[in-house]
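Engineer: my questions are about this predicted structure, shown below with the sequence.
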Amino acid sequence: MSAAAVALPGDPPGGRRAAAVWGIGVAVYFVAVTFRTSLGVAGLDAADRFDVGASALSTFSILQLLVYAGMQIPVGLMVDRLGAKKVLTLGVVLFTVGQLGFALSPSYGTALASRALLGCGDAMTFISVLRLGSRWFPARRGPLIGQVAAFFGMAGNLVSTIFISRTLHDLGWTTTFAGSAVAGLVVLVPLVLFLKDHPEGHEPAPVQRAGRSFVRRQIAESWREPGTRLGLWVHFTTQFPAMVFLLLWGMPFLVEAQGLSRTTAGELLTLVVLSNMALGLVYGQIIARHHAARTPLALGTVAATALLWVATLAYPLANRGHAAPMWLLITLCTVLGACGPASMIGFDFARPANPPERQGTASGIVNMGGFIASMTTLFAVGVLLDATGDDYRIAFASVFVLQALGVAQILRLRNRTARRERDHLVASRVETVHVPA
């Protein structure tokens, strides 16, 4: 029996009402991901519109992710202190204004500022949705609830790869991005009217909130748990290969390095998203039933991703400069789809390690990992492309450096985390036994 499966005192019941309330938060996250990933299919258009090279183009996504990653701990603290509803509402306003500003930006500088604002609002969504899930559903549902939230987030990515890419071609830049911004207003209305932070009778325990001392204590106690640190490194190591591919460099790589049409490249990006959605549900079911599968799944995903990248990048060297065959690109994109579900495993290490009043802060720490890795790789690929005359083989080799660093940290922390979880499990059993009927 896993720690995640223990019936905790006062566990929320879940049910249809929980699904409806949580679904509002998921809808907000869906729109946020749609806005976040819209640049991934517009990278070449953005380069033409603002007359910039690879390094400047990567700055769009780097700045957006820099803001996103930098906001994770503050957002986690805000969620723990203010509740999910207030944070989500602020997030919707910010990312909607950012998307609209991006549509109307007359220059590279104003477009950068708009993406930063979008990143700030986007940063407030996922942790809030995780917090809603933990407040409305039993703890044993945590792994599956997290993966389902990610599933709908990837559906937002699917909207980008299919619909936004088409409307860019048919309607142009301003109409496409300004029109998509309306979705922010659509989700804001039910959020304000119907979303609640927790079911009646399940109010969180009062927490001492004494300014800076509260902030320092929340961060220090969350970081002290090895499960939080392991969660960060799992998220760091697994998420970024697919994030970099979808967010910016996948389309240029497939078109410029592999010689594919934009239509075919878009279909391969869509395959990454569909694979992510399908595998997310599989990973969630496996982890919910077999908690010990978390580390093998995470490391297996990293190994498979690295193997497919090596095969794709090395293929021209072994085949007289020919581009990778379609079957290999399809396999690569299918495996990249596992990166998102594997990154969610990081939260499954942090969740049992921290009490409810620290879930937001701990989730924020974990969520920083993948976005720091993505930001670093986006920058490295852009710089290396400019330095090597668009040699994607050298540029994408930077992926392996971060994977090696992350795997080393996972191996270092996994046993310590397992021992700590066993201690928590014993304590939970004792607490459950002593709760009066």
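Structural biologist: Done, it's in. Bear in mind that the values here come from a model prediction, so they are computed numbers and not experimental data.
Engineer: T174: neighbouring residues, count only.
Structural biologist: Neighbours of T174 under the rule other CB atoms under 10 Å: 13. (Glycine included, C-beta is placed from N, CA and C.)
Engineer: quick check: buried residues in the helix ranked longest in the chain?
Structural biologist: If you go by DSSP state H, the chain has its longest helix at helix 398-434. Judged by neighbour count using 16 or more other CB atoms under 10 Å, the buried positions of helix 398-434 are 398-399, 402-403, 406-407, 409-410, 413-414, 417-418, 420-421, 424-425, 428.
Engineer: can you name every helix or strand that it contacts?
Structural biologist: Other helices and strands packing on helix 398-434, by 3 or more CB pairs under 8 Å, 6 or more residues apart in numbering; DSSP states H and E, are helix 226-244, helix 294-318, helix 359-388.
Engineer: buried ones in the second one?
Structural biologist: I take that to be helix 294-318. For helix 294-318, burial by neighbour count (16+ other CB under 10 Å) applies to 294-295, 297-299, 301-302, 304-306, 308-309, 312-313, 315-316.
Engineer: ok, the longest one next?
Structural biologist: Along helix 359-388, these residues count as buried under the neighbour rule (16+ other CB under 10 Å): 359-382, 384-385.
Engineer: tell me the contacts of the closest residue to L65 other than its chain neighbours?
Structural biologist: What sits nearest to L65 in space, not counting adjacent residues and going by CB to CB, 6 or more residues apart in numbering, is M375, at 4.0 Å. Contacts of M375 were listed using CB atoms under 8 Å, 6 or more residues apart in numbering, and they are S61, I62, L65, L66, A69.
Engineer: looking at those, which are in strands?
Structural biologist: Among the contacts of M375, no residue falls in strands (DSSP state E).
Engineer: most neighbours, which of those residues?
Structural biologist: L65 (30 neighbours).
Engineer: who touches it in this structure?
Structural biologist: With CB under 8 Å, 6+ apart, L65 has these contacts: G119, L247, F371, S374, M375, L378.
Engineer: could you dump the residues you listed into TSV with distance to A178 and pLDDT added?
Structural biologist: What follows is these, written out as TSV (distance: CB to CB, whole Å; pLDDT from 0 to 100):
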residue	distance to A178	pLDDT
G119	19	90
L247	21	81
F371	27	88
S374	27	91
M375	27	87
L378	26	88
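Engineer: out of these, which is nearest to A18?
Structural biologist: F371 (28.3 Å; CB to CB).
Engineer: list the residues that contact the closest one.
Structural biologist: Taking CB under 8 Å, 6+ apart as the contact definition, F371 lies against L65, Y68, A69, Q72, Q239, M243.
Engineer: what distance do you get for the closest residue to it other than its chain neighbours to F50?
Structural biologist: Spatial nearest neighbour of F371, chain neighbours left out: A69 (4.0 Å); criterion: CB to CB, 6+ apart. In this view, A69 and F50 are 24 Å apart by CB to CB, to the nearest Å.
Engineer: same question for W309.
Structural biologist: Counting by CB to CB, the gap from W309 to F50 is 30 Å.
Engineer: cool, and A353?
Structural biologist: Taking CB to CB, one finds A353 at 44 Å from F50.
Engineer: these two - which one has more neighbours?
Structural biologist: Comparing A353 with F50 by other CB under 10 Å, the one with more neighbours is A353, at 23 against 18.
Engineer: quick one: contacts for the residue lying closest to the more buried one once chain neighbours are set aside?
Structural biologist: Excluding its sequence neighbours, the residue lying closest to A353 (CB to CB, 6+ apart) is G227, at 3.0 Å. Going by CB under 8 Å, 6+ apart, G227 touches F349, A350, P352, A353, N354, T417, R420, E421.
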